[in-house]
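>>> Got a predicted structure here, sequence first:
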Amino acid sequence: VWAREVFLLIGQSNMAGRAEIPQDYHNVPASASLMDKEGNWVPATNPLNRFSTVADSSDTGSLGPGYTFADSLSCAIEAIDIGLVMNARSSSRIHTWTDPESALFSEAVRRAHEATEDAGRLVAVLWLQGESDSKVESPAFLDSLVRFVTTLRADLGNEYLPFIAAEIPDLPSYFPHQETIREAIWQLPTVLPHVSVVSSEGLTVFDGVHLDTQSQILLGHRFADTVHAVVYDRASTQILRRAEAGGLPRKGHSAAYYSLTGRRLDLSIPASAACMAVGYRPGQRTARPWCTIHMRRD
């Protein structure tokens, strides 16, 4: 029996968070802990990225998606003990993550191993990165992302480790290659198994690049919804709709929940093409679902 379900949250500044922390988001999510720089587990209070060992000073004081991810998942699954390992770094391009000798890669691996030394299980990696790469031509972004995920899984000792990537949000025109990066992120599950993508549909930035408070809250719920479906095999999952409707959701209020029901995978179809879509939204920018889960049988 695993004492703690550990999640590794990495990427650049939108994973670290730059949004204002609402007054009532300084409480501790139920059953959630945060690993500090010394490897101790402390209450998961905001800001969560303050213990990142690769962060700069701008990465450690604001709201990211990790808080509502932990809060939503703990509300959806009884008796879960969540452990968060936050190690995001602002302005980091993909090549700074793909080198196994780099501080960003090696620290993510080291801290994930440290978090699971004492009866912990590394459940999934949550990833949000690509904004910096959208400023320049990045034709090899998908190849770099594939190499990163493959090497990360190998170093963590689990080739089936779920990897959940968030699509980068809509950015101003001075990020001319943002659509290339988005398409690469959405292609990742077609190349690698056990990968899912969380949509950025409807999320907004407040300064040209960083997600605002409401968007970080909603993104955290989307991450939780995807983990709930992919990792814990729940066909009907729950997130807080009030975050999308406007206004800050009040944590723990079951009346604010609604269900997203996904089709279970039909194992009679070819394994290489197996795909499950969860939660289509009417009026989307594209036909993309909130999260697309591509699965392969081994």
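Arrived safely. Numbering: from 1, shown residues only.
>>> which stretches of this structure form helices?
Here the chain has its helices, by DSSP state H, at 13-16, 66-76, 95-98, 103-115, 141-156, 178-191, 213-230, 242-245.
>>> Now the fifth one - C-alpha only, PDB.
So the one you mean is helix 141-156. Output in PDB follows, covering the C-alpha atoms of helix 141-156 (Å, rounded to 0.1, in the frame of the first residue of the first chain):
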ATOM      1  CA  PHE A 141       9.900  20.900 -30.900                       C
ATOM      2  CA  LEU A 142       7.900  17.700 -31.200                       C
ATOM      3  CA  ASP A 143      11.100  15.600 -31.600                       C
ATOM      4  CA  SER A 144      12.600  17.400 -28.600                       C
ATOM      5  CA  LEU A 145       9.500  16.800 -26.500                       C
ATOM      6  CA  VAL A 146       9.400  13.100 -27.400                       C
ATOM      7  CA  ARG A 147      13.000  12.800 -26.400                       C
ATOM      8  CA  PHE A 148      12.400  14.500 -23.200                       C
ATOM      9  CA  VAL A 149       9.500  12.300 -22.200                       C
ATOM     10  CA  THR A 150      11.200   9.100 -23.200                       C
ATOM     11  CA  THR A 151      14.400  10.000 -21.300                       C
ATOM     12  CA  LEU A 152      12.500  11.200 -18.300                       C
ATOM     13  CA  ARG A 153      10.500   8.000 -18.000                       C
ATOM     14  CA  ALA A 154      13.700   6.000 -18.400                       C
ATOM     15  CA  ASP A 155      15.500   7.900 -15.600                       C
ATOM     16  CA  LEU A 156      12.400   7.600 -13.400                       C
END
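>>> Which of the residues in it are classified as buried?
Buried residues in helix 141-156, counted by 16 or more other C-beta atoms under 10 Å: 141-142, 144-149, 151-153, 155-156. Bear in mind the C-beta positions are built from the backbone N, C-alpha and C, glycine included.
>>> pLDDT on that helix, on average?
Helix 141-156 carries an average pLDDT of 98.
>>> Name the residues that touch it?
Residues from elsewhere that reach helix 141-156 (C-beta atoms under 8 Å, 6 or more residues apart in numbering): 94-95, 97-98, 100, 105, 108-109, 112-113, 122, 125, 130, 133, 159-161, 163, 165, 180-181, 184-185, 187-188, 191-192, 195.
>>> Check the helices of the chain for me: which has the lowest mean pLDDT.
Mean pLDDT, when computed for each of the helices of the chain, is lowest for helix 242-245, at a mean of 37.
>>> re the thing from before, and which of the buried residues of helix 141-156 is nearest to C75?
L156 (27.5 Å; C-beta to C-beta).
>>> before we move on, back to that, buried ones among the contacts of helix 141-156?
94, 97-98, 105, 108-109, 112, 122, 125, 130, 133, 161, 163, 165, 180-181, 184-185, 188, 192, 195.
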